[in-house]
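Novice: Structure for the following, please:
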Amino acid sequence: YNASNIRKPKKDMLRQSCISALRRLSNQGGISSKQKRVLLTDIITCSAKGEYSMVEVAYEMLCLESATNAESEYDDDEDAALAEEEFADQCRVFADKMSD
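Specialist: Here you go, the predicted model:
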């Protein structure tokens, strides 16, 4: 039994939510299949090292934190759409940098 194999639930939830968001963006045409593949590979590689990938950090900051921001100047639907658009932009930037 190796204690280092114990996964943190919050980390797993973040990772799975981020992966779902990448799939959704790809299905909706927000990112290409290649971009999704590059980002998923980065998530898996970082996960194996016990680290967060940049795309997970971006997801947490742009999508999760905006959803819990009580002082939002937008209504929930507008805020969520804006957060998803910003996240998609960052995904494209990260994927393009990783593909170089």
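Novice: Tell me the helix or strand right after the helix or strand of the chain with the lowest mean pLDDT.
Specialist: The weakest-scoring helix or strand in the chain, judged by mean pLDDT, DSSP states H and E, is helix 65-67 (a mean of 69). Proceeding N to C from helix 65-67, the next assigned helix or strand is helix 76-99, under DSSP states H and E.
Novice: Tally up the residues packed near residue 43, please.
Specialist: By other C-beta atoms under 10 Å, the residues close to residue 43 number 20. From N, CA and C alone the C-beta is placed, and that goes for glycine too.
Novice: Contacts made by the host helix or strand of it with the rest, please.
Specialist: Element membership of residue 43 [criterion: DSSP H and E] is helix 33-48. The contact list for helix 33-48 (C-beta atoms under 8 Å, 6 or more residues apart in numbering) reads 15, 18-19, 22-23, 25-26, 31, 52-56, 91-92, 94-96, 98-99.
Novice: Give me the distance between it and the centre of its chain.
Specialist: Here helix 33-48 is found 10 Å from its chain centre; the criterion is C-alpha atoms, centre = their mean, to the nearest Å.
Novice: May I see the buried residues of that helix?
Specialist: By neighbour count with 16 or more other C-beta atoms under 10 Å, helix 33-48 contains the buried residues 35, 36, 38, 39, 40, 42, 43, 46, 47.
Novice: immediately after that helix, which helix or strand?
Specialist: Scanning forward in sequence from helix 33-48 by DSSP H and E, the next helix or strand is helix 54-59.
Novice: elements contacting that following helix?
Specialist: Judged by 3 or more C-beta pairs under 8 Å, 6 or more residues apart in numbering; DSSP states H and E, helix 54-59 is in contact with helix 9-28, helix 33-48, helix 76-99.
Novice: mind saving the C-alpha coords of the longest one as PDB?
Specialist: In this case it means helix 76-99. Provided in PDB are the C-alpha atoms of helix 76-99 (Å, rounded to 0.1, in the frame of the first residue of the first chain):
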ATOM      1  CA  ASP A  76     -24.800  33.900 -14.400                       C
ATOM      2  CA  ASP A  77     -25.400  32.900 -18.100                       C
ATOM      3  CA  GLU A  78     -23.400  35.800 -19.400                       C
ATOM      4  CA  ASP A  79     -20.600  35.200 -16.900                       C
ATOM      5  CA  ALA A  80     -20.400  31.500 -17.700                       C
ATOM      6  CA  ALA A  81     -20.300  32.200 -21.500                       C
ATOM      7  CA  LEU A  82     -17.600  34.800 -21.100                       C
ATOM      8  CA  ALA A  83     -15.600  32.400 -18.800                       C
ATOM      9  CA  GLU A  84     -15.900  29.600 -21.400                       C
ATOM     10  CA  GLU A  85     -14.800  31.900 -24.200                       C
ATOM     11  CA  GLU A  86     -11.800  33.100 -22.300                       C
ATOM     12  CA  PHE A  87     -10.900  29.400 -21.400                       C
ATOM     13  CA  ALA A  88     -11.200  28.400 -25.000                       C
ATOM     14  CA  ASP A  89      -8.800  31.300 -26.000                       C
ATOM     15  CA  GLN A  90      -6.300  30.100 -23.400                       C
ATOM     16  CA  CYS A  91      -6.600  26.500 -24.600                       C
ATOM     17  CA  ARG A  92      -5.800  27.600 -28.200                       C
ATOM     18  CA  VAL A  93      -2.800  29.500 -26.900                       C
ATOM     19  CA  PHE A  94      -1.500  26.700 -24.700                       C
ATOM     20  CA  ALA A  95      -2.000  24.000 -27.500                       C
ATOM     21  CA  ASP A  96      -0.300  26.200 -30.100                       C
ATOM     22  CA  LYS A  97       2.700  26.700 -27.800                       C
ATOM     23  CA  MET A  98       3.000  23.000 -27.000                       C
ATOM     24  CA  SER A  99       2.800  22.100 -30.700                       C
END
